[in-house]
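**Student:** Model the structure of this input:
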Amino acid sequence: MSSRIGSASPFKTTGFASFARQKQAATNWTHFLPRRNTEFLRGIFALSAALLDTTLIVLAAAFSGLIYHKLLGYDERIVETFVRVSFVTAALFLIPNFMKGRYSISEYFSFHPHIRSLFKFWNMTFVILMALGFLTKTMSIYSRSTAVIFYVLGFGALLAGRGFVVKMVRLGARDRGVAATRIFLVGYEDEISKFSERYPIAADEVGLSVVAACVLRPDQNSLEDDLALAAASARMVRPDDVFILVAWSQKEVIDKCVAAFLRVPAAIHLGPERVLEGFGDASVSKIGPITSLNLVRRPLSIFDVVVKRAFDVALAGIGLIALSPLLLLVAVLIKMDSEGPILFLQRRYGFNQEPFRIVKFRSMTTMEDGADLQQAAPGDVRITRVGRFIRRFNIDELPQLLNVLRGDMSLVGPRPHALAHDQRFDRTITLYARRHNVRPGITGWAQVNGLRGEISSQDKIAQRIEHDLYYIDNWSLSLDISIIALTVFSRKAYHNAI
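**Tutor:** Numbers count the residues shown, from 1 in each chain. Below you'll find the predicted structure:
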């Protein structure tokens, strides 16, 4: 078997295009332009995307100033003042976006990530802007209502702008083959086939394009000739990244592949092993002199833990004070409605599977806390009249603000289950125990997506765990704020309330 370039057999999956097809599309400028020109065009794209954001921020500020002038009768020069401030706002917004690489074309093949990143950076920008206004004593000329208008208009305009650019980029990828990253595959035929089957690549969805593949012959005597041909081919098609698809145990072959492709101006990757498929955040880590493959990262950094805890304590303290009249009223109603204590304490597993007693308003006639715990179900006769009402609107959970202040819980996190349920699900649900890598929450990502109430099937608990793990892997303060807002205002948060 001779070495082949773009062999048909490795490309059975429709997401990959053969090298012959790529060569026919010679009009595709991203495939055959010199690397320096491709990089230049990507730089132009990044600057254009940043310029669009700047323009939208300035226009949002101008409209806010115009509304301020028309409704309140202020001097029309207020519009100029708002425009000047908008340039400061744009600078504060653009700098972290550039630092995080948000203007790279690879970021514009999916719209959903932009929602969260925009929310995060726009909030950060406004916090810094308010702090600057306070320090410079210039906040007096801006009303709070106008600041809200600017915030809403700016966020809406930026979101619409990102959506437009994402649509244009994906159309370009689908119709003209524009790709953020162009990759070259080299390896044994079975490994390339497995790669194509495991990772079907659609250019308009992920911004990747396989420009060529070189199949190595099993005969080790021909390895150097195959690699010389592969490297020469890679220099012709100018890929951004080269993937070496060889079993990690074949160190000698890998070393020769790396040596051959060091002559090609591209990033070199060792292809993924199957063991990594269950670890989405796997990365190479260096701790002192030790280089290792980090399979699972810490759920929250030390900085994240401090920020989340400070947010929890501040909001829980304010919440207890503000809600004290409601808490007192509910306590009186519970006492009048049925016999028994006002509060219900039950053992739960918290952070690191350490047990604690969760505090809730009593909503049932029973106080079960054992191995034979029976979950509340629709029409459950054990639920009191007041209990049915407070459970319907999540009021029974409010005393858990005390758990938050004590450090047992967080405002947002995976909802803690009763010990009996934890012990059962831990044996049947893969990665279930990861829920305990962060503090449990009064509300969570699963709950605001309607996954609450009685767990009547394995599928329901699996969906709940999937959402909990998503929250752990994607935590941010802005996500916590979003979940708290959805807990109050979203209908899904009250779905399946019993």
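
**Student:** can you pull the contacts of the residue nearest to Asn294 when sequence neighbours are not counted?
**Tutor:** Spatial nearest neighbour of Asn294, chain neighbours left out: Ser285 (3.8 Å); criterion: CB to CB, 6 or more residues apart in numbering. (C-beta placed from N, C-alpha, C; glycine too.) Contacts for Ser285 (CB atoms under 8 Å, 6 or more residues apart in numbering) come out as Thr291, Ser292, Leu293, Asn294.

**Student:** which of those residues lies closest to Ala131?
**Tutor:** Ranking the contacts of Ser285 by separation from Ala131, with CB to CB as the measure, puts Asn294 on top at 35.7 Å.

**Student:** can you pull the contacts of the closest one?
**Tutor:** Going by CB under 8 Å, 6+ apart, Asn294 touches Asp281, Ala282, Ser283, Val284, Ser285.

**Student:** Put together TSV for those residues, with pLDDT and distance to Ser209 on each row.
**Tutor:** TSV is the format used below for the contacts of Asn294 (pLDDT from 0 to 100; distance: CB to CB, whole Å):
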residue	pLDDT	distance to Ser209
Asp281	69	25
Ala282	75	24
Ser283	77	24
Val284	80	25
Ser285	80	30
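
**Student:** on that earlier part again, how distant is the one helix or strand the residue nearest to Asn294 maps to from the center of its chain?
**Tutor:** According to DSSP states H and E, Ser285 maps onto strand 283-287. Offset of strand 283-287 from its chain centre (CA atoms, centre = their mean, to the nearest Å): 22 Å.

**Student:** Likewise for stretch 58-65?
**Tutor:** Taking CA atoms, centre = their mean, one finds the center of stretch 58-65 at 30 Å from the center of the full chain.

**Student:** now swap in stretch 234-253 and tell me
**Tutor:** Between the centre of stretch 234-253 and the centre of its chain there are 30 Å (CA atoms, centre = their mean).

**Student:** Could you list the buried residues of it?
**Tutor:** Judged by neighbour count using 16 or more other CB atoms under 10 Å, the buried positions of stretch 234-253 are Ala234, Val237, Arg238, Pro239, Asp240, Val242, Phe243, Ile244, Leu245, Val246, Val253.

**Student:** about what we covered before: mind checking which of the contacts of Ser285 are in helices?
**Tutor:** Among those, no member falls in helices (criterion: DSSP state H).

**Student:** any idea which of the residues you listed is closest to Leu158?
**Tutor:** Distance to Leu158 across these (CB to CB) is lowest for Asn294, with 33.8 Å.

**Student:** Gly172: how many residues sit nearby?
**Tutor:** Per other CB atoms under 10 Å, the neighbour tally for Gly172 reads 17.

**Student:** Make sure it is indeed in a strand.
**Tutor:** No - counting by DSSP: H, G, I helix; E, B strand; the rest coil, Gly172 is not found in a strand; it is helix.

**Student:** Next, work out how far apart Ile442 and Leu216 are.
**Tutor:** Ile442 sits 56 Å away from Leu216, going by CB to CB, to the nearest Å.

**Student:** cool, and Lys251?
**Tutor:** Taking CB to CB, one finds Lys251 at 15 Å from Leu216.

**Student:** The stretch 301-450 of the chain: helices as residue ranges?
**Tutor:** With DSSP state H, counting those that start in this stretch, the ranges of helices along the stretch 301-450 of the chain come out as 302-322, 324-337, 385-392, 400-406, 419-428, 445-448.

**Student:** looking at those, which has the lowest confidence?
**Tutor:** Ranked by mean pLDDT, the helices of the stretch 301-450 of the chain end with helix 419-428 at the bottom, a mean of 80.

**Student:** Buried residues of that helix, list them for me.
**Tutor:** Residues Leu419, Ala420, His421, Asp422, Arg424, Phe425 are the ones in helix 419-428 that count as buried (16+ other CB under 10 Å).

**Student:** Count the residues that sit near the residue lying closest to the last one once chain neighbours are set aside.
**Tutor:** The reference is to Phe425. The shortest distance from Phe425 to any non-neighbouring residue, by CB to CB, 6+ apart, is to Tyr432 (5.1 Å). When counting by other CB under 10 Å, one arrives at 20 neighbours for Tyr432.

**Student:** Gly154 now?
**Tutor:** 27.

**Student:** Just checking, which helix or strand of this protein averages the lowest pLDDT?
**Tutor:** Lowest on mean pLDDT, DSSP states H and E among the helices and strands of the chain sits helix 19-24, with a mean of 36.

**Student:** max-length helix in the protein?
**Tutor:** helix 35-72.

**Student:** mind giving me the domain ranges of this protein?
**Tutor:** 37-175, 178-294, 302-494 (automatic domain parsing).

**Student:** what's around the closest residue to Leu52 other than its chain neighbours, how many residues?
**Tutor:** Closest residue in space to Leu52, ignoring its immediate chain neighbours: Gly161 at 5.3 Å, by CB to CB, 6+ apart. A count of nearby residues for Gly161, using other CB under 10 Å, gives 18.
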